[in-house]
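> Fold the following for me, if possible:
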Amino acid sequence: MISPSAPRRLTLAARATALAGAQVDRVHARLAGLFPHTHIDILRVASGSPRRQTAHGARDRRGRSTPMEEALAEGRADLAVRSLKDVPANLPETFVIAAVGARDDPRDAWVSARGARVGEIGEGVVGTSSLRRRAQLCERFPAIVVEPLVGDIGARIAALDTGRCQAIVVAAAGMKPLGYADRITELLDPAASLPAVGQGALALVCRADRPDLVELLAPFGDIATTLATAAERACLRAFAGGQRAALAAHAEWVGDTLWLRALVASADGREILRAEDEGVVDDAGSAEALGRSVADHLLARGASRLFAS
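Below you'll find the model as predicted:
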């Protein structure tokens, strides 16, 4: 197959946050290396309302189109640079994921004020913005108090430094690009804190009527990450409509076999259901089948009840 000619110009859309800025700069550098004769612009768009990870289409909490969608739909941008964990499993039909880059560290990071490791904080206050993390923390350490956090990484670090929390749990992939790697006390094994669907991976989203971009960006994509996250997202997609429970899913390669673990937890963290499966995965169809298999195991154990509660 003859590769499409690189365009003279590409515009990348990214949210106007520090983390999104670091992510789009990295994508810009990679694309500039792949397409040295293409002029690549960056369009910063408003952050929009925060959203919880669900299987629904990319809308904010009020049901409106996001600024990223609008930039693509209006032709002001060719590609949106997104954290894959923030891309809904069911995108609107007008958008597609053009490519998924190689995954960074998918683990959660434990950051404590005085170097205390997980399990050493006693009855302290631990801050996190994630219902998924909260449920798993409360299961392992019922004596701790989990404090909900909002804001960017800087705001969460500030909650630690001002004494509001004795520790925080955040995504390692959000800490490292912003220069906070030295603040990480401990990286949590996925067995202890199962990551969010797509955590650590970046996606390039484009309009569905731009197959030329999907073909062009094939060299940017990482097949191992693409297949692993396809399995995770298929698991999430099976729970369309669930917004009141926490879901985590993480796939790892063991040789040629993909191992997928997932959990669903009640909103209060008092009940957690887990399931896992593995299989030989060599294309999107087999990856999605693995994700559906794990979702079916969870549903058979009563996961839908947790989403409805």
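
> Could you list the low-pLDDT ranges of the stretch 201-309 of the chain?
Low-confidence regions of the stretch 201-309 of the chain, defined here as pLDDT under 70, cover residues 241-244, 308-309.

> now the helices for it?
Defined through DSSP state H, counting those that start in this stretch, the helices belonging to the stretch 201-309 of the chain, from first to last, are 211-216, 223-237, 284-300, 303-308.

> which one of those helices is the most hemmed in?
Mean neighbour count (mean count of other CB atoms under 10 Å) peaks for helix 223-237 among these, with a mean of 24. Bear in mind the C-beta positions are built from the backbone N, C-alpha and C, glycine included.

> For the nearest residue to E252 once chain neighbours are set aside, name its beta-bridge partners.
In this structure, E252 finds its nearest non-sequential neighbour in W259, 5.2 Å apart by CB to CB, 6 or more residues apart in numbering. In this structure, W259 has the following beta-bridge partners (DSSP bridges): E252, E278.

> residue boundaries of the strands in the protein?
Residue ranges of the strands in the chain, as given by DSSP state E, are 9-15, 39-45, 79-83, 95-100, 108-112, 125-128, 145-148, 167-171, 186-188, 202-207, 246-254, 257-265, 272-280.

> from the chain's centre, how far out does the fifth one sit?
This means strand 108-112. Taking the mean C-alpha point of strand 108-112 and that of its whole chain, the gap between them comes to 17 Å (CA atoms, centre = their mean, to the nearest Å).

> tilt between that strand and strand 246-254?
With axes from the mean of the first three to the mean of the last three CA atoms, to 10 degrees defining the directions, strand 108-112 sits at 110 degrees from strand 246-254.

> can you check the first one too?
Orientation of strand 9-15 against strand 246-254 (the same axes, to 10 degrees) gives an angle of 130 degrees.

> Contacts for strand 9-15, please.
Contacts with strand 9-15, where a contact means CB atoms under 8 Å, 6 or more residues apart in numbering, come from 20-21, 23-24, 27-28, 31, 35, 38-48, 67-68, 71-72, 76-81.

> and with 7 Å instead?
Defining contact as CB atoms under 7 Å, 6 or more residues apart in numbering, one finds that strand 9-15 is touched by 20-21, 23-24, 27-28, 31, 38-45, 47, 68, 71-72, 76-81.
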